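Visitor: missing the sequence, but the structure's below:
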Ligand SMILES: Nc1nc2c(c(=O)[nH]1)N[C@H]1C(S)=C(S)[C@@H](COP(=O)(O)OP(=O)(O)OC[C@H]3O[C@@H](n4cnc5c(=O)[nH]c(N)nc54)[C@H](O)[C@@H]3O)O[C@H]1N2
Ligand SMILES: Nc1nc2c(c(=O)[nH]1)N[C@H]1C(S)=C(S)[C@@H](COP(=O)(O)OP(=O)(O)OC[C@H]3O[C@@H](n4cnc5c(=O)[nH]c(N)nc54)[C@H](O)[C@@H]3O)O[C@H]1N2
Ligand code: SF4
Ligand code: SF4
Ligand code: SF4
Ligand code: SF4
Ligand code: SF4
Ligand SMILES: [Mo]
C-alpha cells in the first residue's frame, strides 16, 4: 500500500481497531465498515457510545451509514475532489494543526524550480514522457523534476560538505511544499464538490467543521478506508489524499487518530508481509528487477539502501533473508546466492499475467485460495485464459468456478485441452498456523479437527512441491538447478504423527522467519540484532521478535486489556500497536495533551515510555539535532517521528516514488458519466489499460452507458465459501443490484424482478432491489445522475448463485500497485433477463493500439 | 409484573448493524435447516419472519425519504426472537404440557413431549412459534445430513425435529452448562444482551434515558407493561412504532377471552336445553 | 403498548402498514381433520343432550330416539379421537394429552371431556342394549355433551387469531346451536325410516329453534366483527357461507319443516341433510377464515381485548 508507504513510511494501518474507541470523530470513507468488518465495527460503536461523531461518505446508504451520525452521499470515483476540497478548506481557514504540520511533515521543504504543477499544465505534472521517447515504450513520468531543493552544509563528522534538505519553517516560501499544496488544491471548492461529487455543499461543510473541531491537541479524528478507496485507477492517490489530510490535522501516531486501513481476507496483511506479491520479497524488500540496476547483490543494495532513515538497514535484512533461503550455500564469496533469486522483467501482477495466459504466453497456472473465474475482472477473459493453459493446479477447500471452468455454462469440455489438477485444501480449522490481521497482529490458531477426506494443508502442499522437485533434481550437477537444491527445506514437525504424514512444522517455519544466529542457532530477539555479514538469518525481518527464543511464540499470547493489549498476539514491527507513535508527543517529548497521552519522553529515566512500544530509538533525546551527513536515524533529529522516511517527516509531497504524480489530483475514472471539470486531462495519464477485442471499454463519456456502476460486497456473502452454506445462502440467495426508485420507474424495473446490466464488455442478469437507499445525485446546477450498485460475491456454484459482476468490468489498473478498477464504472440497465452468456473466442487477437500493445508485452516480460 | 429472577434478553435495536450473525449462530447451534433460497425484495431481509426453523430473525426497516419530505433517512435493524412472556399464551394453551417454564424462567418447548397439535401456534400473540413440518427441501436435507452428529445416524435434522412446534429455547442446553446463548455470543455490537432480566431492565432504562437526552425517540417494548401478557423476558429498545418491526402494539393474552367464551357456550346450551325440555314435555 | 413512554409516530414512508405486509401471526396448521372433528364433535354433543331430553318417559318414538342417540354418541365418541389424532404432527403421541389436566387449556379440557363423554356414552349404550333406561347416566351425558358442543368454540376464541378472539361471544354459541341442530337432523334422518312422526316433529322443532338462533348469531357476528370478520364474510367464502349455511343449511330446512305442505320421510331426509351440510360449511368457514385472519396484520395489530 504505497499510498501510506510513501506518505508515512510503512504500508500498513497506522493504528489498531481497539484504539478507535478513543476517537472523537471517525471518518469512514471508501469502506462499508459495518458490513465488511462487523467485528471490528464494535469499536466504532463504542466510540459512538462515548459521544464520538461517526461520518460515512459513500455512494450508497449502507448498514454503516445507518449507524453513522452523518451520512454523506458522493459520486463514485470523485473522492480526491472531495478530500482535496477539505484540504483546501483547512488551509484557507487556517484550521490545520500548525505545530504538528511544521514539526512533523515536509510542509517546510522547498521543491526545486523545475517542478510544474497540474494547475500549470492543465492536468499533467512536469516530466510527462510519451512512450516514443522512452525505452520501455510506455507513456510515463520522469520524476526527476519533482525533487526537493538542497543546501550544502558541513558534515557533522569527518568534514566535507553534504547535501541537506532546504527548509522554510515559516512555510512562506512560494516553492515550499505548503504553498505548492495550497495552490494545487486552491480550485477544489465547496462548489466544485457539489458539481463533481454531487455532495450537497452543507453536508460537505459539516464534514469539514467536524474534522477540524475534532482534531488538534485535545481531540483526535480517525480515518477508516478499505477498497472503496483502493480499487481505482488512481487508488494510491486516494489514500495519499487521506494521509495528507491526517497529517494536516495532526492525527497520525496519536490515540484515537490515525488511518485504519481495513484489510480484506483474514490473512491478507500477512500475505503481503511475507510476500505473495510478485514484486516484493518478505518484509517489503523489493524483488530484484531487470528494469533496475540490480543484477548483483552490490547493485541491489546500492539501489535499495537509503542513506538516511530506517532503510539504511536494507543490507542487514537482505543478506539475512538470503541466509534464511539458502543457508550453508549462501556465503559472502557467492553474494549469498543473490543470483539464485528470480528477477522481475516487468509487471507480473495478476491482470497482465491473465492476459498473458489468454495470449498463450503463460502456459501453467497454480491457483491457491483464489477464485478469479468468479471474482476476477473481465471474468470471462479469465475463464477463456484458463482454456489456453497447458495445465492448471487448483488448491482450494471447495470446488470453485475456477476449478470447474471447463464445464461451465456454454462450454464443451472435450474441446478444452487444459490439464487440471485439484488439490483439496484443509480449512483454517483443520491446520495450525498464524494469521496477520488488519492490526498487523499475528495470532496463532490451533488445529481443531483433522482435515476432512483427502484435504491437505497449504504448507504441506508447498513443502511437498519443493521436496519432490528437489528429489527430481537431486542428481543434477547443472549450476542452474542449484537454487532448488540449495534451498533450506527441512521443517520436521514436533509431533510424531504429523511428521509421519509429512506435515511440516509451522513453528519451525515461523522461527526461521523470526531469524536466528547462524553460529549458535539461537533465535534473535529483534531485527536490530540482524547483521549484513551473513552471521544472522531471517526469513522476514519485520516479524522478528515473534519467536524471540526457542520456547516462545508470542502470536500465542492471549492476555488482553482494555486498550493496547501488548500481551495479546504479536504485532509487527516489534510488537508495536500504533505506528509513528512518537508523534503522540510534541517536539519536546511531552504529550500534546493529557487527554491524548500515549508515548512520551521520560526525563528521569531518559527514555521514551507510554502504553505502547515507542516507534523511536528508545533513548534518543527529543532535543538532539539531526547530524548532517550521518547515516540512518542519526540524520534525523529527536523530533522526527517518521523514522522510515529519508527526512523523518510525513510526506505531504512525495518526491519520486509514485508513478502518477507527487500530489493527488482529481481525474475521472477511465469510464465516467461526466467530463473532468478541473482539467482537460480526463483520466489519469498513467493508468494502465488493454484496448483489445476481448477487453472492450466504455468510452470516456459514453451516451450508451449513462449510469454510474459500482461493485462491493455484502455481510452475508464472501465468495464460494459462503455460497455453499445454506444458513448464509438463504440470507442473500441471489445476485442482485441496488437502484433508486426513480430510475426503476423510468426503466420499468419492478422490485424483486430481473434486471440486466450491460457494458461494452457484456451483460449480467441480477434481481432488482429498488431502494430509497440509492439516491440520484444532482451535480451542482448540472444534470442528475443515477448510481447502480452490484455485490460482487456471486457465481454459478453453491446454494446462492448469480452472475459475477466481473463479467461487465474490463481490465484496467493503477500504475503503482496494479490494482484493478472495480469501484467506479459506467453501465446501462434494462428490465428482464440477459441473452445467452457471452463467450470469448479464445483467439481474440491482440489489438494494435500502440500504448497498450507494447506496454503490455513489457508487462508480460516476453521481450 | 417485574420478574425478578430468571434470564432473558435485552435487544437494543440502536446497536444493531444487521449482520445477522445471531440468526446464523442460532441455526448452527440448534442445527436448524435453512428456510429456502428465494429473493424477497424486502430490503436485506430474505428470511422474512420468525419460523419453526428460524428462531432469531433480523428485520430491516427502510425509512428513506424519496420524495420532498425532509425526515432524516433511517434504516432500522432489529433482531426478533421469542419474547419468553411472563404470561405466555403458548404455554397456557399447550395441552400436553410440552411447553414449560424452566428453571431459568424461560418458556421452553420439550420436543419429546410435544405432539404437534398446533394449538400453541394461534395462541402466541406475537406469531412466534410454528410447527416444523416433516417435509424438508431436499437441498437442505442433503446439507443437514452432512452436519448431523453421529448419534442422529443418517436422519436429517428435519426428520429428527419434524412434526413438533419450534421456537427459541433461549439456548436451554447452553445455559445448563453455563454458556450464554449462541445469538448473544455471536453479536458483535452487544445489541443482544443476555442476563438476569431484572438487571437487564435496569441497564435498559439507563440506556433509554441517555438516548433520549441525545434526542433519540427511544423506548422499551416489553417492560412495565400494563397489558395481559405482562412484561417480556426478551424485551426490546425501539425507536419506532412497534408495528414497523411487525410487533403488536397491544398484545392480548388469549386466555383472557375464555370467561366470555365459556359463558357464551353455557348460555346457548342452557337456553336450548330448556327449550328442548319444553318441546319434549309439551309433546305428551 | 407502553403507557409511560409513548413511541414516536410511524413515518408515512413505510411501504405498507406493517413490515413489508408480512403477517404478524402464524397461520394455524389445522386442516380438514380439525374441521371434521369440530363438526362431528358438535353433533356428538347434541346427541348427548338429546339422550337426556328424549328419555323422560316419552312415547315409543322418543324411546327409539333415546336409543339411537346413545348408540350415535358412542359411535361418534369412537370416531372423534381418530379424526383428532390424524391431525397431530406426531399422532403416536396422542396419549401425551392425557399426561395432565390443564384448566387453562380448552384443548386439554376438551380431550378430558371427550374421554369422560366416551365413558358415559359407552355405559349408557350398553344399558340401552339391554333395554334398560339411562337413569343417572343421562344427566352427566347431557352436561358433557353440552360441554363438548361448546368447548370447540371456546378453543377457537381463546386464541390470538383476530377473527376467533373477536368471536368470543358468538362462536361458542354458534357451535352449540349448530351442534344441536345437527344432532336433531341426524336423528330425524334415522327415525324417518321407522315412522315416528311425533318424535321427528319434536326434533324438527328443536332443530328450527337452534337453526334460527344459529342464523341470528351468524348474522349478528357478521356486523359485530367488523374488519375482523372480513375473511369469513367477504368474497367467495362469504358467498359459500351464506349459500350453504344460511340459505340451504338453515332457511330451506326451516321452510320445509315449518310449512305443513311438506311431509313424509323424504322431506325429513332432505331437510336434515341440508342442515348437516350447513353445519359442516360453518365449521369449514370458521377454520379457513381463521387462517386468513392470521395473515392480516392490520387486524392482528389491533388484537381484540
Ligand atoms: N462479509 C464480507 N466481509 C468482507 C469481505 C466479503 O467478501 N464479505 N471481503 C473482505 C475483503 S477481501 C475486503 S478487500 C474488504 C473490503 O472492505 P470494503 O472496502 O469496506 O468493502 P466494499 O464493499 O468492497 O467497498 C466499500 C464501500 O465502498 C463504496 N464505494 C464504491 N465506490 C466508491 C468511491 O468511489 N468512493 C467511496 N468513498 N466509496 C466507494 C461502496 O459503495 C461500498 O459501500 O472486505 C472484507 N470483508
Ligand atoms: N467487481 C469486484 N471484484 C472484486 C472486488 C470488488 O470489490 N468488486 N474485490 C476484490 C477483492 S478486494 C478481493 S480480495 C478479491 C477476492 O477474490 P477471491 O480471493 O478470488 O475470492 P474468494 O471467494 O475470497 O476466494 C478465496 C478462495 O480461497 C478458498 N480458501 C479458503 N480457505 C482456504 C485455505 O485455507 N486454503 C486454500 N488453498 N484455499 C482456501 C476459498 O474456498 C475460496 O475459493 O475479489 C476482488 N474482486
Ligand atoms: S468474518 Fe471473521 S474476520 Fe470477518 S468480521 Fe467476521 S470474524 Fe472478523
Ligand atoms: S412469544 Fe409467543 S411463543 Fe414466545 S413465549 Fe410468548 S407466547 Fe410463547
Ligand atoms: S404443538 Fe406441541 S407445543 Fe404446541 S401446543 Fe401442541 S403439544 Fe404443545
Ligand atoms: S437463545 Fe438460542 S435458541 Fe434462542 S434465538 Fe438465541 S441462539 Fe437461538
Ligand atoms: S448479531 Fe447483533 S448486530 Fe448482528 S444482526 Fe444480530 S443483533 Fe444485530
Ligand atoms: Mo480484498
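Guide: Good, I have the coordinates. Computed from a prediction, not measured in an experiment: that's the story for all the values here. Ligands and ions are numbered 1, 2, ... in the order given.

Visitor: if I pick the residue nearest the centre of chain B, what's in contact with it?
Guide: Centroid-nearest residue in chain B, with CA atoms, centre = their mean: residue B:82, separated by 2.2 Å. The contact partners of residue B:82, taken as CB atoms under 8 Å, 6 or more residues apart in numbering or on different chains, are B:50, B:55, B:107, B:126, B:128-129, B:167-168, B:170, B:234. Yep, even glycine has a C-beta here, placed from its N, CA and C like the rest.

Visitor: Please flag which of the residues you listed sit within strands.
Guide: Within the contacts of residue B:82, residues falling in strands by DSSP state E are B:107, B:234.

Visitor: mind listing what the closest residue to ligand 3 within the stretch 51-200 of chain B touches?
Guide: Residue nearest to ligand 3 within the stretch 51-200 of chain B (CB to the nearest ligand atom): residue B:188, separated by 7.4 Å. By CB under 8 Å, 6+ apart, residue B:188 lies in contact with A:38-39, A:41-42, B:17, B:19, B:21.

Visitor: try 10 Å
Guide: A:34, A:37-42, A:45, B:15, B:17, B:19, B:21-22 (CB atoms under 10 Å, 6 or more residues apart in numbering or on different chains).

Visitor: buried residues in stretch C:101-120?
Guide: For stretch C:101-120, the neighbour count (16 or more other CB atoms under 10 Å in any protein chain shown) marks C:102, C:105-114, C:116-118, C:120 as buried.

Visitor: Out of the contacts of residue B:82, which is nearest to ligand 1?
Guide: residue B:55 (22.4 Å).

Visitor: Provide a list of residues in contact with that closest one.
Guide: For residue B:55, the contact set (CB under 10 Å, 6+ apart) comprises B:22-23, B:26-27, B:29-30, B:32, B:80-82, B:128-129, B:166-171, B:182-183.

Visitor: So which bits of the stretch 201-350 of chain A are right by ligand 2?
Guide: Proximity of the stretch 201-350 of chain A to ligand 2, by CB under 6 Å from any ligand atom, involves residues A:227, A:231, A:264-265.

Visitor: how about the residue nearest the centre of chain C, secondary structure?
Guide: Centroid-nearest residue in chain C, with CA atoms, centre = their mean: residue C:175, separated by 3.3 Å. Classification of residue C:175 using DSSP: H, G, I helix; E, B strand; the rest coil returns helix.

Visitor: okay, now residue 240: neighbour count?
Guide: Going with chain A. By other CB atoms under 10 Å in any protein chain shown, the residues close to residue A:240 number 29.

Visitor: ah, no, chain C please
Guide: Residue C:240: 14 surrounding residues under other CB under 10 Å.

Visitor: returning to that earlier point: how far away is the residue nearest to the centre of chain C from residue B:122?
Guide: To residue B:122, residue C:175 is 16 Å away according to CB to CB, to the nearest Å.

Visitor: How about residue B:188?
Guide: Taking CB to CB, one finds residue B:188 at 36 Å from residue B:122.

Visitor: What of residue C:20?
Guide: Applying CB to CB to residue C:20 and residue B:122 gives a distance of 22 Å.

Visitor: from chain C, which residue is nearest to ligand 2?
Guide: Nearest to ligand 2 in chain C, going by CB to the nearest ligand atom, is residue C:20, at a distance of 28.6 Å.

Visitor: repeat for the stretch 601-750 of chain A
Guide: For the stretch 601-750 of chain A, CB to the nearest ligand atom, closest residue to ligand 2: residue A:719, 2.0 Å.

Visitor: Does ligand 1 have contacts with stretch A:41-54?
Guide: No - under the criterion of CB under 6 Å from any ligand atom, stretch A:41-54 makes no contact with ligand 1; the nearest approach is 10.3 Å.

Visitor: about what we covered before: can you put the contacts of residue B:82 in a markdown table and add distance to ligand 7 and pLDDT?
Guide: Formatted as a markdown table, those follow (distance: CB to the nearest ligand atom, whole Å; pLDDT from 0 to 100):
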| residue | distance to ligand 7 | pLDDT |
| --- | --- | --- |
| B:50 | 13 | 96 |
| B:55 | 12 | 96 |
| B:107 | 20 | 98 |
| B:126 | 18 | 98 |
| B:128 | 17 | 98 |
| B:129 | 20 | 97 |
| B:167 | 17 | 96 |
| B:168 | 13 | 97 |
| B:170 | 15 | 97 |
| B:234 | 12 | 98 |
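
Visitor: Separate out the buried members of the contacts of residue B:82.
Guide: The buried subset of those - by 16+ other CB under 10 Å - is B:50, B:55, B:107, B:126, B:128-129, B:167-168, B:170, B:234.

Visitor: Select from those residues every entry located in helices.
Guide: Within the buried ones among the contacts of residue B:82, no residue falls in helices by DSSP state H.

Visitor: Go through those and name the one nearest residue A:543.
Guide: The closest of the buried ones among the contacts of residue B:82 to residue A:543 turns out to be residue B:55 (CB to CB; 44.0 Å).

Visitor: how about the residues of chain A near ligand 2?
Guide: A:227, A:231, A:264-265, A:368-372, A:375, A:395-398, A:400, A:425, A:427-428, A:458, A:711-712, A:718-721, A:792, A:805-806, A:809, A:822.

Visitor: buried subset of these?
Guide: A:227, A:231, A:370-372, A:375, A:395-398, A:400, A:425, A:427-428, A:458, A:711-712, A:718-721, A:792, A:805-806, A:809, A:822.

Visitor: returning to that earlier point: who touches the residue of chain C closest to ligand 2 in this structure?
Guide: Per CB under 10 Å, 6+ apart, neighbours of residue C:20: B:40-43, B:45, B:48-49, B:59-62, B:246, C:14, C:297.

Visitor: Strands of the stretch 151-284 of chain B, residue ranges please.
Guide: Assigned by DSSP state E, counting those that start in this stretch, the stretch 151-284 of chain B shows strands spanning B:164-166, B:192-196, B:219-221, B:234-238.

Visitor: What separation do you get for the residue of chain C closest to ligand 2 and residue B:37?
Guide: Relative to residue B:37, residue C:20 is positioned 18 Å away (criterion: CB to CB).

Visitor: Ok, residue A:80 next?
Guide: Note on residue A:80: its distance to residue B:37, by CB to CB, is 41 Å.

Visitor: And these two? Which one has more around it.
Guide: Higher neighbour count among residue A:80 and residue B:37: residue A:80, with 27 against 20, using other CB under 10 Å.

Visitor: what's the helix or strand for that one?
Guide: Residue A:80 belongs to helix A:79-92 when assigned by DSSP states H and E.

Visitor: counting contacts, what elements does that helix pack onto?
Guide: Where contact means 3 or more CB pairs under 10 Å, 6 or more residues apart in numbering or on different chains; DSSP states H and E, helix A:79-92 is packed against strand A:25-29, strand A:53-58, helix A:177-184, helix A:190-197, helix A:201-213, helix A:227-230, helix A:235-248.
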